[in-house]
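> Predicted coordinates and the sequence they were generated for:
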Amino acid sequence: MITEHTRPNACVLALLGSTGAWNAPALEQAFRDAGATGRPLVVDLSGLDFGDEVLLGLLLHAHASACGLVLIGPAAGSFARRLHRTGTDELFNTQNTLPLALAQLPG
């Protein structure tokens, strides 16, 4: 399940459950919609049970955007291992709560 909340200074996507081929189109659309807001993106991974390579690719793309990206974690065990194995765990700014994540954003 993907929940989107627009804040004055960010678009927040909360991911619950798992990502995979069955929900990749919805996940990609949610990231496209969030990117279209022009606001920084906050992705809450704290309710994620499993994240696949599609999610990792979307996070990497969002990280490379000019808008900015902050994650809320920690990521679940399997996705945390995926981040570590790919060497991307240190790439992302990860905070423990939404207020801390929002405080990392400009303006």
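Nice, I can see it.

> can we go C-alpha only for contacts and neighbour counts from here?
Will do.

> tell me the phi and psi of residue 89?
phi -60, psi -30 (degrees, to the nearest 10).

> Buried residues, stretch 36-54. List them.
39-51, 54 (16 or more other C-alpha atoms under 10 Å).

> Could you tell me which of those belong to helices?
residue 54 (DSSP state H).

> Work out which residue lies at the spatial centre of this structure.
residue 43 (3.0 Å; C-alpha atoms, centre = their mean).

> Next one, pLDDT for that one please.
As summarised for this prediction, residue 43 has a pLDDT of 96.

> For it, list the residues it contacts.
By C-alpha atoms under 8 Å, 6 or more residues apart in numbering, the residues touching residue 43 are 12-15, 69-72.

> let's see 10 Å
By C-alpha atoms under 10 Å, 6 or more residues apart in numbering, the residues touching residue 43 are 3-4, 11-15, 31, 59, 62, 69-73, 94, 98, 101.

> picking that back up, just send the buried residues of stretch 36-54 back as a markdown table, with distance to residue 89 too.
Shown next, in a markdown table, are the buried residues of stretch 36-54 (distance: C-alpha to C-alpha, whole Å):
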| residue | distance to residue 89 |
| --- | --- |
| 39 | 23 |
| 40 | 19 |
| 41 | 17 |
| 42 | 16 |
| 43 | 14 |
| 44 | 15 |
| 45 | 13 |
| 46 | 15 |
| 47 | 18 |
| 48 | 16 |
| 49 | 17 |
| 50 | 16 |
| 51 | 13 |
| 54 | 16 |
